[in-house]
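Undergrad: sequence plus the predicted model coming up.
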Amino acid sequence: MTPRTGLVNVRRVMPQPTALACVRCSARYPVDHYAQDCPACRAKGAPANLTVAYDSVPGSGTDRDAILGHISRRREEAAALRKQIRAFQRDAERGGDHDLYPWLTRRHALAWAQFTVRWAAEAEEAIRSSMPS
């Protein structure tokens with residue numbers, strides 16, 4: 001992933017996976033072992049999935065203000081899209097456009113925007129409430 005201006009750099013936010021670990025026996029395997037299950041558990045007749053393992057806690061040492069800024073910008077963009085889609089919908093209805101597929105597309109965009117606005121508000125509140133005073 002290439003860092004882009006204005007976005008939270010994912011490499012700073014999340015540590016790199018260091019291994020894949022068996023959910024059953026905790027055996028660790030290289031991160032490129034992703035297309036397989038746990039060989040040790042499979043040999044015992046109990047195949048088990050692998051999950052991503054980190055040497056540090058994901059999210060530790062993150063810049064919460066940068067994350068809040070990123071989420072806030074996504075919320076603002078979604079709110080603007082929601083307003084634009086509602087205007088498109090009003091114009092379409094006034095113009096007599098009742099075609100199903102354009103309506104479904106607008107409904108999808110509106111639902112996505114509404115969800116993103118709600119999610120961002122919840123995420124912002126959760127981050128703020130977890131910050132030390």
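TA: Happy to help now that I have it. What you are looking at is a predicted structure, and each value in this text was computed from that prediction instead of being measured. Numbering: from 1, shown residues only.
Undergrad: quick check: which ranges of this structure have low pLDDT?
TA: Applying pLDDT under 70 to the chain flags the ranges 1-14, 58-59, 61, 132-133.
Undergrad: and the helices in it?
TA: 10-13, 39-43, 64-94, 100-130 (DSSP state H).
Undergrad: contact partners for the closest residue to residue 50 other than its chain neighbours?
TA: Counting by CB to CB, 6 or more residues apart in numbering, residue 20 is the residue found nearest to residue 50 once chain neighbours are left out, at 4.0 Å. (C-beta placed from N, C-alpha, C; glycine too.) Contacts for residue 20 (CB atoms under 8 Å, 6 or more residues apart in numbering) come out as 28, 29, 30, 31, 33, 34, 50, 51, 52, 53.
Undergrad: out of the residues you listed, which is nearest to residue 112?
TA: residue 52 (27.2 Å; CB to CB).
Undergrad: could you check how far the closest one is from residue 15?
TA: 10 Å (CB to CB, to the nearest Å).
Undergrad: residue 110 too?
TA: 37 Å.
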